[in-house]
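starting from these lines, generate the structure:
(chains A and B)
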Amino acid sequence: AQTVTQSQPEMSVQEAETVTLSCTYDTSENNYYLFWYKQPPSRQMILVIRQEAYKQQNATENRFSVNFQKAAKSFSLKISDSQLGDTAMYFCALNYGGSQGNLIFGKGTKLSVKP
Amino acid sequence: DAMVIQNPRYQVTQFGKPVTLSCSQTLNHNVMYWYQQKSSQAPKLLFHYYDKDFNNEADTPDNFQSRRPNTSFCFLDIRSPGLGDAAMYLCATSRASKSNEQFFGPGTRLTVL
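Numbers count the residues shown, from 1 in each chain, chains lettered A, B, ... in the order given. Model prediction:
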């Protein structure tokens, strides 16, 4: 069975500083994708970043980057130069189940960016 | 702008009274998903459509049904809502691929009285 675990229910960071959100997962598949989604308060969920398991290079998207450790089944998200607009729930997700893109989500980390 | 639209944004129903939530998309994606998200919890997949093929998750209660009359629209029917069904219901779409992101709608918050 596939599982995704986020061990930090809540985190806070000062504006302009860097924060890292943790995620571990388990899957028996060899080819899979990992995602970080952001769900701001009262707004819809959007993709932050994705990582293909076959790629060793860590994905980056502007201020967002991941530390993907395949052997350890770890997929952390680093947010640099945190902004007030980064305040949101962050969900780590694992694709499973063939080509239809089904996702299993972690329980989420509530990030608060403080001015 | 291409998007995923959910109506209504807020829905109040009575215990046991059937309710239908709707989702439409302008992305022309062939996969549409319905998730249930309870307060401060992760979204939980209820079922999805791959084109016209319906795929139910094993633990989705029979009380939940879905219809997809065409590519653009998908409906979630709750036949006899219980108090435990109060939640945010999220619709999402994607192209059929492991790598493709899912695009989410804003959700419908269901209250059961």
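
burial count for B:Phe103?
Other residues within reach of B:Phe103, judged by other C-beta atoms under 10 Å in any protein chain shown, total 21. C-betas here are computed from N, CA, C, even on glycine.

pretty sure it contacts B:Thr93?
Yes - using C-beta atoms under 8 Å as the test, B:Phe103 is close enough to B:Thr93 to be in contact (5.3 Å).

so what strands line up beside the helix or strand of chain A at the bottom of the mean pLDDT ranking?
Of all the helices and strands that make up chain A, the one with the lowest confidence by mean pLDDT, DSSP states H and E is strand A:102-105; it has a mean of 88. Looking at strand A:102-105 with DSSP bridges, its partner strands are strand A:88-96 (antiparallel).

any weak-confidence spans in chain A?
Counting by pLDDT under 70, the ranges of chain A that qualify are A:97-101.

near chain B, which residues of it?
Listed as neighbours of chain B in chain A under the rule C-beta under 8 Å from any C-beta of the partner chain: A:31-33, A:35, A:43-47, A:50, A:52, A:91, A:95, A:98-108, A:110.

what's near enough to touch A:Pro115?
A:Pro115 is in contact with A:Glu15, A:Leu84, counting by C-beta atoms under 8 Å, 6 or more residues apart in numbering or on different chains.

tell me which element the residue nearest the centre of chain A is part of?
In chain A, the C-alpha nearest the mean C-alpha coordinate belongs to A:Trp36, at 3.1 Å (C-alpha atoms, centre = their mean). For A:Trp36, the host element (DSSP states H and E) is strand A:33-39.

ok, residues contacting that strand?
Contact with strand A:33-39 is made by A:21, A:23, A:25, A:45-53, A:64, A:66, A:68, A:75, A:77, A:86, A:88-95, A:103, A:105, A:108, B:98-99, B:101, as judged by C-beta under 8 Å, 6+ apart.

can you select the buried ones from the residues you listed in PyMOL?
In PyMOL, a selection of the buried entries from these looks like this (16 or more other C-beta atoms under 10 Å in any protein chain shown):
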select buried, (chain A and resi 21+23+25+45+47+48+49+50+51+52+53+64+66+68+75+77+86+88+89+90+91+92+93+94+95+103+105+108) or (chain B and resi 98+101)
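
quick one, phi/psi of the closest residue to A:Ala59 other than its chain neighbours?
Taking C-beta to C-beta, 6 or more residues apart in numbering or on different chains as the measure, A:Ala59 lies nearest to A:Gln51, with 4.7 Å between them; neighbours along the chain are not counted. In terms of degrees, to the nearest 10, the main-chain angles of A:Gln51 are phi -140, psi 130.

could you give the bridge partners of A:Gln51?
For A:Gln51, the beta-bridge partners are A:Leu34 (DSSP bridges).

verify the stated contact: it with A:Asn67.
No - when contacts are counted by C-beta under 8 Å, A:Gln51 is not listed as touching A:Asn67 (9.8 Å).
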